[in-house]
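> The following comprises the amino acid sequence and a computationally predicted model.
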Amino acid sequence: MIDITLENFQSELVEGSTPIPVLLDIWAEWCGPCKQLGPVLEKLEVEYAGRFRLAKLDADAVPQISAQLSQMFGVRSIPFCVMFKDGQPVDGFVGALPAEKIREFLDKHVPAAAELEAAEEEDAALQAMAEGDIEGALEKLEHAVATDPANDDARFDFVKLLLQEGRTDEAKVAFEPVIAKTAAVRRFDALQRWMSAIDFAAPPVGELRQAAEFDSKIATNKRDFEARFGRAQVLMAEQRWTEAMDELLDILMRDKTWSEELARKTYIAILELIEPPKVKVADGQIPPVDPTVATYRRRLSSVILS
């Protein structure tokens, strides 16, 4: 629990509600119901174990903030509680409600315990990957997906890491629950295109395809887009990402709409796959941009807009 003042309002309430929601309790020393509500909120903060933070604001000590929030919600009495999420006041309630009613309010806005646990496992997995502990990262990501199957970030990272390690069959099993989302979620579409490239390069019957087997066809006919795309798929399967994008750019420079824009869609998929995890930075700072991703985004824009 933290006391809100004019000095810390921005840091503790606005910026502080970005990682997890903050419930602001507006109270006053003379208010009897406020004194009844306060201990209930404090117990709930402990009960919810980090799923939200409790902040308190003395309406008499900081009238500027309490008056502004009261006007915003059309409230004229206290105790008045306001839920902040991602820096914005999103909901509130008035009066000394019983604990059960407050739980109903909280559950509409705070992450479920499983979501929070999965997010923590995902963060730990990214740290493990940064340290080179691939097996540890896979274990944590698998646990995150099992704990919260709706965590698309964790599932993307899990399937991607399995594919990077050549564990394609396991990746397909982990991907199966979200196949229906591929049309709407670009990162899942990217994973599906990568798995399709792997299947193309390693057919069930016959030898593994090699990029070189398409070279003679391309040398004979630079507009043999089927051969160029086949070569790009093999390069994708081998995780030779920049070479694959170079091949796709050759198609796009000659025919931007070939095969219902298949080259452009596949190029964008590769950009999704090679984008590094976002690095956490201090407020006001711009996250670093991966130079390879930036370069190939510019090349794509240059070709598409030409």
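Done, it's in.
> make it CA atoms for all contacts and neighbour counts henceforth
Fine.
> Within the helices and strands, which one has the most centrally placed residue in the chain?
In the chain, the C-alpha nearest the mean C-alpha coordinate belongs to D153, at 4.8 Å (Cα atoms, centre = their mean). D153 belongs to helix 152-164 when assigned by DSSP states H and E.
> And for D169, the neighbour number?
When neighbours are defined as other Cα atoms under 10 Å, D169 has 12 of them.
> Sorry, wrong one. I was asking about V173.
10.
> so how far is P33 from it?
Distance, V173 to P33, using Cα to Cα, to the nearest Å: 54 Å.
> can you give me the helices for the stretch 1-150 of the chain?
32-47, 63-73, 99-107, 113-130, 134-147 (DSSP state H, counting those that start in this stretch).
> rank those by pLDDT, which is bottom?
Comparing mean pLDDT across the helices of the stretch 1-150 of the chain, the weakest is helix 113-130, with a mean of 87.
> what's that helix packed up against?
helix 134-147, helix 152-164 (3 or more Cα pairs under 8 Å, 6 or more residues apart in numbering; DSSP states H and E).
> can you pull the pLDDT of A211?
A211 is given a pLDDT of 87.
> correction: V281
54.
> Over to V289?
At V289, the pLDDT value in this model is 85.
> Tell me how many other residues crowd it.
Using other Cα under 10 Å: V289 sits among 12 other residues.
> What of Q127?
That count, for Q127 with other Cα under 10 Å as the rule, works out to 14.
> Return the distance of the closest residue in space to it that isn't next to it in sequence relative to V173.
Nearest non-adjacent residue to Q127, counting by Cα to Cα, 6 or more residues apart in numbering: A137, 7.9 Å away. According to Cα to Cα, A137 and V173 sit 18 Å apart.
> now swap in K35 and tell me
In terms of Cα to Cα, K35 sits 54 Å off from V173.
> ditto for V82
43 Å.
> now the strands for the protein?
Here the chain has its strands, by DSSP state E, at 2-3, 22-27, 53-58, 80-85, 88-94.
> a markdown table for those, including distance to E42 and mean neighbour count?
Shown next, in a markdown table, are the strands of the chain (distance: least, Cα to Cα, whole Å; neighbours: other Cα atoms under 10 Å):
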| stretch | distance to E42 | mean neighbour count |
| --- | --- | --- |
| strand 2-3 | 11 | 14 |
| strand 22-27 | 10 | 26 |
| strand 53-58 | 7 | 21 |
| strand 80-85 | 13 | 24 |
| strand 88-94 | 16 | 16 |
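> Let's have these in TSV, adding distance to A227 and mean pLDDT.
Conversion of the strands of the chain to TSV gives the following (distance: least, Cα to Cα, whole Å; pLDDT from 0 to 100):
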stretch	distance to A227	mean pLDDT
strand 2-3	64	92
strand 22-27	56	96
strand 53-58	57	96
strand 80-85	51	96
strand 88-94	53	95
